[in-house]
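Visitor: Please work out how this folds:
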Amino acid sequence: MKTSLTVATLAVTCMFTLNSCGGSGEKTPEATQPITTEATPPLAEEITNVLTLSGNDQMKFDKNELIARAGETITLTLKHTGTMEKNVMGHNFVLLKQGTDINAFAQKALKAKDNDYIPKSESANILAHTKLIGGGESDVITFKLMEKGTYDFICSFPGHFAVMKGKLIIR
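Guide: So this is what the prediction gives:
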């Protein structure tokens, strides 16, 4: 008797569970409505050739990706939001030619203190760069990139390139 009562209880519980989970196979009007989302703005509106990049006393850029248009003048402002002097915590922006070995470049930059850590021997691999700036300073540069692609940028101050780096995407 106990076994048949337990089986009956289990059967009733399963019926209620299936019905409450939509097991009837009927679709409600909400389930057949298409999902609508807001339209994504066109990519062209997201791209700007007026760029700002900030570095701080914690050796960090505020962005690791920048996007701009090919064939148009790019204006980049580098700001140092920290307070340390450039001889202690200097920052610059160095945009490298595609395929440049960043580690090899940085090793040569270590020896270029007299040129804001921009190695003259690597000028063929440098597409653009700012001057070295200290806390509270900024520098503005303009340049053009004709070819679409992804370009590496770094801060070439000794030891910074490992964490102060990013990509400039040209579309």
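
Visitor: drop to CA atoms for contacts and neighbour counts, all remaining ones
Guide: Will do.

Visitor: List the contacts of Ile169.
Guide: Glu65, Leu66, Ile67, Ala68, Lys148, Gly149, Thr150, Tyr151 (C-alpha atoms under 8 Å, 6 or more residues apart in numbering).

Visitor: hmm, which of those are the buried ones?
Guide: Among the contacts of Ile169, those classed as buried by 16 or more other C-alpha atoms under 10 Å are Glu65, Leu66, Ile67, Ala68, Thr150, Tyr151.

Visitor: and which of these is nearest Lys108?
Guide: Tyr151 (19.3 Å; C-alpha to C-alpha).

Visitor: residue closest to the middle of this structure?
Guide: Glu65 (3.4 Å; C-alpha atoms, centre = their mean).

Visitor: one step back: quickly check the contacts of Ile169 for the two that are furthest apart.
Guide: Glu65 and Lys148 (14.8 Å).

Visitor: tell me which residues form a beta bridge with the closest residue in space to Asn64 that isn't next to it in sequence?
Guide: Counting by C-alpha to C-alpha, 6 or more residues apart in numbering, the nearest residue to Asn64 once its immediate chain neighbours are dropped is Gly166, at 4.1 Å. When bridges are called by DSSP bridges, Gly166 pairs up with Phe153.

Visitor: Gly166 and Asp62 touch, don't they?
Guide: No. Gly166 is beyond contact range of Asp62, at 10.1 Å (criterion: C-alpha atoms under 8 Å).

Visitor: picking that back up, with secondary structure and distance to Glu122 as extra columns, can I get the buried ones among the contacts of Ile169 in CSV?
Guide: What follows is the buried ones among the contacts of Ile169, written out as CSV (DSSP: H, G, I helix; E, B strand; the rest coil; distance: C-alpha to C-alpha, whole Å):
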residue, secondary structure, distance to Glu122
Glu65, strand, 23
Leu66, strand, 23
Ile67, strand, 25
Ala68, strand, 24
Thr150, strand, 19
Tyr151, strand, 16
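
Visitor: Including pLDDT and distance to Ile74, could these go into JSON lines?
Guide: Compiled in JSON lines, the buried ones among the contacts of Ile169 are given as follows (pLDDT from 0 to 100; distance: C-alpha to C-alpha, whole Å):
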{"residue": "Glu65", "pLDDT": "97", "distance to Ile74": "15"}
{"residue": "Leu66", "pLDDT": "97", "distance to Ile74": "11"}
{"residue": "Ile67", "pLDDT": "97", "distance to Ile74": "10"}
{"residue": "Ala68", "pLDDT": "98", "distance to Ile74": "7"}
{"residue": "Thr150", "pLDDT": "98", "distance to Ile74": "15"}
{"residue": "Tyr151", "pLDDT": "98", "distance to Ile74": "14"}
